[in-house]
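K.L.:
sequence-free structure coming up:
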């Protein structure tokens, strides 16, 4: 797999001029025969709340490996804007069967499409993991390179109408971003220390979006079990730490589950998502 040290050296110290107003090219990277460390998986599981049995990987763990290929694409010379200016809007993960620490994976990632929106340049990365020739896991991430538009006001998102009677309450410590970065390799500066996050306009550190998704799935595992499924999420309001947040599940869906991660008062969503089970 690509070296995170060399990738972050390019990300933090490389200079990119900004978006050149051109559509992004199709870029594909891959890495064969990728193995995982049970010790690393355990560290990740501890931070995200998964009950790791020493064998079966959490549904979101392969994203940790795919993220290195994402960073490889982000540092490609054809991508003319910096990684630090991007926002993760949405993520979908499909797991077709459970995978284990003993599996060897062929992982590939493609930048497949881009389009200009009112907010900036949106683009999609598709990641896939194979065991031999079998597709066992895939992910679709939608990113935004924001372009400021004068006079454009964005209304804060509202929570859904799902019942919110007895949500789970989570306490998030200020060091969560650093612990997740160590477990996942995602060292985006806004997640590490308030001094660094203030450079990007935030008074406190932000939780990683993919931590929020992983922690949500960990809470859903009694409902998911070993069933093949697709978990889709949209990242809404930034989650500043330390914080108390509330998490709720609507299990009355015909084809799966709906869930949200909200502020402690249950009024504003940080993340909305759904689980759909495969036939």
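P.N.:
Good, I have the coordinates. Fair warning: this is a prediction, and the values are worked out from it, not measured in the lab. Numbers count the residues shown, from 1 in each chain.
K.L.:
Report the separation between the most centrally placed residue in the chain and residue 201.
P.N.:
The centroid of the chain falls nearest to residue 210 when counting by CA atoms, centre = their mean (2.9 Å). Going from residue 210 to residue 201 by CB to CB, to the nearest Å gives 21 Å. Heads up, the C-betas are built off the backbone N, CA and C, glycines and all.
K.L.:
Surely the residue nearest to the centre of the chain is in contact with residue 70?
P.N.:
No - judged on CB atoms under 8 Å, residue 210 makes no contact with residue 70 at a distance of 10.8 Å.
K.L.:
backbone phi and psi for residue 240, please?
P.N.:
Per-residue torsions, residue 240: phi -90, psi 140 (degrees, to the nearest 10).
K.L.:
Ok, residue 183 next?
P.N.:
Recorded main-chain torsions at residue 183 are phi -80, psi -30, according to degrees, to the nearest 10.
K.L.:
shaky segments in the stretch 151-279 of the chain?
P.N.:
Low-confidence segments of the stretch 151-279 of the chain, defined by pLDDT under 70: 151-154, 195-196, 198-200, 253.
K.L.:
shouldn't residue 183 be in contact with residue 50?
P.N.:
No - counting by CB under 8 Å, residue 50 is not a contact partner of residue 183; they are 11.1 Å apart.
K.L.:
For those two, list the residues in contact with both.
P.N.:
Residues touching both residue 183 and residue 50 (CB atoms under 8 Å, 6 or more residues apart in numbering) are residue 44.
K.L.:
This protein: strands as residue ranges?
P.N.:
Per DSSP state E, the chain carries strands over the ranges 27-34, 86-95, 105-116, 120-131, 134-146, 168-172, 205-206, 229-235, 240-241, 243-250, 256-263, 269-277.
K.L.:
In TSV: those, plus distance to residue 162.
P.N.:
TSV is the format used below for those (distance: least, CB to CB, whole Å):
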stretch	distance to residue 162
strand 27-34	38
strand 86-95	19
strand 105-116	30
strand 120-131	27
strand 134-146	23
strand 168-172	14
strand 205-206	25
strand 229-235	14
strand 240-241	24
strand 243-250	4
strand 256-263	6
strand 269-277	9
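K.L.:
Dump the ones you listed to CSV, plus distance to residue 62 and mean neighbour count.
P.N.:
Below are the strands of the chain laid out as CSV (distance: least, CB to CB, whole Å; neighbours: other CB atoms under 10 Å):
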stretch, distance to residue 62, mean neighbour count
strand 27-34, 9, 14
strand 86-95, 8, 19
strand 105-116, 7, 18
strand 120-131, 5, 19
strand 134-146, 5, 18
strand 168-172, 24, 14
strand 205-206, 23, 22
strand 229-235, 13, 21
strand 240-241, 26, 18
strand 243-250, 23, 18
strand 256-263, 21, 21
strand 269-277, 17, 20
